[in-house]
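Q: Have a look at this prediction, sequence included:
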Amino acid sequence: FLFSPLKVELVNFEGKFGEGDISGNGMLELDGLSLKSADVAVAIKDAVVERVGKFNATVSADLNYLFGEQKSLLKGKVVVSDAIYYGEIDWKEAVVKQSRFIVNGDSEKVKEPLAMEMKVELESPAKIANNLMEATLEGKLSVKGSSRQPELYGSIIFTDGYVFFGDKVYSIDNAAVDFSGPVPDNISFNTALITESHSYTITVILSGTTSRYTLQFTSDPPLQQADIISLLTLGTTIDNLNSKDTGNKSAYQALKLLAFKFQGKLTKGIKQTTGLDVVEIETISEKGESGSSIRLGKKVTDSLSVVYSTGLENTKNYDVELAYKLSEKVYLKGMITEVGATEVGLVYRLEFK
């Protein structure tokens with residue numbers, strides 16, 4: 001170190017950092033006890049970064065920190081190797097936290113946000129092994145913008161692995177996430193997952209951006225999307241639910257009678273036998289005509305439930321409803337009807353006691 005009344009010059013420093021090496025040099029200029037300007041270069045080699053229960057990685061970096069009256073800038077290059085993330089992910093909590101961040105982000109007052117010009121590279125494929133997936137990924141990113149509004153550019157590609165959802169395991173056929181500006185608005189993705197169910201090979205395709213995306217289901221042999229959802233969640237297709245035996249009119253009349261007189265015991269027995277969480281039989285009278293319908297539902301995860309509804313007299317009319325619980329009062333709901341029409345929306349639940 002070299003000192004003067006207003007300047008500290010870091011001629012050279014060396015040491016250990018995270019089981020690796022750190023070195024650097026630079027200059028600090030003072031205004032009394034306050035920092036007036038800075039120009040510091042730091043080199044890190046093979047440092048082990050670890051957070052117990054979350055992740056660990058080996059990091060090397062060449063960084064330069066510049067500070068002055070008009071700027072506060074961190075630039076350089078970071079190379080990550082032998083990285084693994086094994087912390088459990090709660091998507092419901094993540095969505096709620098993200099929405100809070102977006103709402104409150106403008107009110108965050110950062111006096112002098114740190115500007116960034118950095119490159120991040122995965123020297124070897126990184127790994128994810130947690131409750132959501134087991135996969136490897138690779139990619140390169142450029143980090144720009146500021147600490148208040150970071151910007152990401154580049155791509156992350158999942159090269160191999162599996163996704164776990166409900167009681168199903170989905171293999172990753174292809175998955176890529178692209179970054180093209182300020183986050184989270186400029187994140188796009190294209191993902192294809194494959195699973196097997198009851199002699200059907202099912203492909204789930206999720207593509208779009210964080211604010212606008214599409215979800216498609218295909219199968220081999222081919223099925224309608226509502227049939228595929230029914231197969232994944234209820235374990236059978238809608239055609240099987242609408243079997244010829246249940247289409248017998250006298251059986252419908254008997255079921256309607258049972259529904260009217262013994263609905264509680266009947267639905268309880270069906271729940272215990274089938275493992276379904278929702279079994280409801282309704283008899284409706286309107287304009288002099290009566291009809292009955294049945295609703296069968298399954299809670300796939302703690303947050304996701306699926307309900308299949310059909311009329312007892314006309315099983316060709318049906319709909320499949322998906323509900324994803326974002327918080328105690330907010331649900332994301334989607335519905336697919338027998339003609340392929342879809343409806344998606346947010347539902348806010350109020351309880352009156």
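A: That came through, no problem.
Q: Can you tell me which helices and strands the longest strand belonging to the chain packs against?
A: Of all the segments of type strand in the chain, defined by DSSP state E, the longest one is strand 34-51. Applying 3 or more C-beta pairs under 8 Å, 6 or more residues apart in numbering; DSSP states H and E, one finds that strand 34-51 contacts strand 7-17, strand 20-31, strand 55-67. The C-beta positions use only the backbone N, C-alpha and C, and glycine is treated the same way.
Q: Any idea which of the ones you listed gets closest to residue 133?
A: strand 55-67 (14.2 Å; C-beta to C-beta).
Q: and the following helix or strand past the closest one, which strands flank it?
A: Elements were assigned by DSSP states H and E; along the chain past strand 55-67, the next helix or strand is strand 72-85. Taking DSSP bridges as the criterion, strand 72-85 sits next to strand 55-67 (antiparallel), strand 115-122 (parallel), strand 126-129 (parallel) in its sheet.
Q: does residue 227 count as helix, strand or coil?
A: helix (DSSP: H, G, I helix; E, B strand; the rest coil).
Q: That one reaches residue 240, doesn't it?
A: No: with contact defined as C-beta atoms under 8 Å, residue 227 and residue 240 do not form a contacting pair (9.2 Å).
Q: okay, the two: which has more neighbours?
A: More neighbours surround residue 227 than the other of residue 227 and residue 240, with 21 against 14 (other C-beta atoms under 10 Å).
Q: Tell me who's in contact with the residue nearest to that one when sequence neighbours are not counted.
A: For residue 227, the nearest residue in space outside its immediate sequence neighbours is residue 237; the separation is 4.5 Å by C-beta to C-beta, 6 or more residues apart in numbering. The neighbours of residue 237, taking C-beta atoms under 8 Å, 6 or more residues apart in numbering as the test, are 223, 227, 230, 231.
Q: please redo it, this time with the cut-off set to 10 Å
A: Residues touching residue 237, when contacts are defined by C-beta atoms under 10 Å, 6 or more residues apart in numbering, comprise 197, 198, 200, 219, 223, 224, 226, 227, 228, 229, 230, 231.
Q: Could you check how far residue 46 is from residue 208?
A: Using C-beta to C-beta, to the nearest Å, one gets 39 Å for the distance from residue 46 to residue 208.
Q: Could you do residue 130 as well?
A: 24 Å.
Q: swap in residue 152?
A: Where residue 208 is concerned, residue 152 sits at a distance of 17 Å (C-beta to C-beta).
Q: Could you give the number of residues near residue 7?
A: Residue 7 is surrounded by 13 other residues when neighbours are defined as other C-beta under 10 Å.
Q: same question, residue 39
A: When counting by other C-beta under 10 Å, one arrives at 15 neighbours for residue 39.
Q: what do you get for residue 69?
A: Neighbouring residues of residue 69 were enumerated by other C-beta under 10 Å; the total is 7.
Q: Kindly report the same for residue 122.
A: Here the number of neighbours of residue 122 (other C-beta under 10 Å) works out to 19.
Q: That one against residue 155, yeah?
A: No: counting by C-beta atoms under 10 Å, residue 155 is not a contact partner of residue 122; they are 11.0 Å apart.
Q: Need the overlap of contacts for the two.
A: Contacts common to residue 122 and residue 155, judged by C-beta under 10 Å, 6+ apart, are 138, 139, 140, 141.
Q: Quickly check these for the two that are furthest apart.
A: Longest span within the shared contacts of residue 122 and residue 155, C-beta to C-beta: 138 and 141, 11.2 Å.
Q: overlap in contacts of those two?
A: Common neighbours of residue 138 and residue 141, using C-beta under 10 Å, 6+ apart, are 121, 122, 155, 156.
Q: Export the residues you listed as a markdown table, with columns for pLDDT and distance to residue 62.
A: Written out in a markdown table, the entries for these read as follows (pLDDT from 0 to 100; distance: C-beta to C-beta, whole Å):
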| residue | pLDDT | distance to residue 62 |
| --- | --- | --- |
| 121 | 93 | 12 |
| 122 | 91 | 17 |
| 155 | 95 | 23 |
| 156 | 95 | 22 |
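Q: Are any of those buried, and if so which?
A: 122, 156 (16 or more other C-beta atoms under 10 Å).
Q: now, among the shared contacts of residue 138 and residue 141, which is nearest to residue 186?
A: Closest to residue 186 out of these is residue 155 (12.5 Å), distances taken as C-beta to C-beta.
Q: Which per-residue confidence value corresponds to residue 167?
A: Looking at residue 167, its pLDDT reads 75.
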